[in-house]
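Trainee: got a structure for you, letters missing:
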């Protein structure tokens, strides 16, 4: 295998990967990319933590993805393997992309070698929040080349919201090249947002799993089994976070929140603080106790100043976006017998909403994505075309309704 530079394994299967195979692959001198889906080492017992040292190749990318709701997410042997690999100087000097389950990360080692990652640009941690008293900024602040920081972490019951910096932190933030920050369950008291650099182009503040997935029985069971909960913010808390940001060149924003009295202020702030946005994703959910006083017209008026907005993905939890029924009959997966009736109804209803959005927002808007039927997690995509007379045409993207579930 003299020319082998990348290993990508779609699924490690139930048996995992033999240790001698892992060692042979990771020690191959020309290897640069190691990309695995699943747990590498699945033996149980004392041998699980018996990982021998070896000389690793100077990797540029180490990526391991485990199923979101996998019960056996943590593997002591996989974590120890990471220790063996990351402890080596040649890896610290070459690594550019690092994406692993959060439970596998050897935090102490990363902190000890914090100044030894001269090329690290992308850090992605996924799963549960680790049990460590130190703030993220203490672990990662010396990674001066960092461009992407993605923490997709569930929230454990009775735990704190996720912070990058402690409330009394006074800076500075030593990520001068940071372009992407994605954080689940952000804390409004986290001072990091006031210190984000002008280089930031993409900001995502949301739940995990997404709030609309909580209508799924599978998601509820998983959340209960893992001891997670969903402390989703209201518009007031999200407003407090975004007010701190001084990132006028932001290109993409994604937020998820529960509707409240400050919805309009939040949307107006987005348009004023981030005038260069080309992509905006908004998940807004109505609480049962609140009468919605924010009409669609108010929403579109607030977002109208975004003249560069090209892509809008939005769910506002209005009646117009409620789950569809055909008479009193529940329709399951897309029915061939009702093909033309169902398609015409969905197309007409969605097209009216997409048309209203397109006519109300700026001339750059080209793609509208609408979430319909919350518990089925279905998005419907529309293209927008501007006409010579200043009008617009909106049509359903090809195959947008294929497999659509009615609930």
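Mentor: Received it, and whenever you're ready, just let me know what you need. Quantities reported herein were computed from a predicted structural model and do not represent experimental measurements. Residues are numbered from 1 along each chain as shown.

Trainee: What ranges does the stretch 151-300 of the chain have for its helices?
Mentor: 217-226, 235-244, 263-273, 296-303 (DSSP state H, counting those that start in this stretch).

Trainee: could I get the ones you listed as JSON lines with mean pLDDT?
Mentor: Formatted as JSON lines, the helices of the stretch 151-300 of the chain follow (pLDDT from 0 to 100):
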{"stretch": "helix 217-226", "mean pLDDT": "76"}
{"stretch": "helix 235-244", "mean pLDDT": "97"}
{"stretch": "helix 263-273", "mean pLDDT": "97"}
{"stretch": "helix 296-303", "mean pLDDT": "92"}
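
Trainee: Turn those helices into CSV, columns for distance to residue 84 and mean neighbour count.
Mentor: Backbone N, C-alpha and C define where each C-beta goes, glycine included. Shown next, in CSV, are the helices of the stretch 151-300 of the chain (distance: least, CB to CB, whole Å; neighbours: other CB atoms under 10 Å):
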stretch, distance to residue 84, mean neighbour count
helix 217-226, 28, 14
helix 235-244, 39, 19
helix 263-273, 45, 19
helix 296-303, 50, 17
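
Trainee: between these, which one is nearest to residue 118?
Mentor: The closest of the helices of the stretch 151-300 of the chain to residue 118 is helix 235-244. By CB to CB, the value is 29.9 Å.

Trainee: any chance of the helices of the stretch 151-300 of the chain in TSV, plus distance to residue 284?
Mentor: Formatted as TSV, the helices of the stretch 151-300 of the chain follow (distance: least, CB to CB, whole Å):
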stretch	distance to residue 284
helix 217-226	19
helix 235-244	8
helix 263-273	7
helix 296-303	9
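
Trainee: and residue 82, which of those is closest to it?
Mentor: That would be helix 217-226 among the helices of the stretch 151-300 of the chain, by CB to CB, at 22.1 Å.

Trainee: For the closest one, give me every contacting residue.
Mentor: The contact list for helix 217-226 (CB atoms under 8 Å, 6 or more residues apart in numbering) reads 69, 71, 128, 154, 156, 209, 213, 214, 228, 229, 230.

Trainee: between those, which is closest to residue 59?
Mentor: Checking the contacts of helix 217-226 one by one against residue 59 (CB to CB), the nearest turns out to be residue 128, at 25.1 Å.

Trainee: show me what contacts that closest one?
Mentor: Here residue 128 is in contact with 73, 102, 103, 153, 154, 156, 226 (criterion: CB under 8 Å, 6+ apart).
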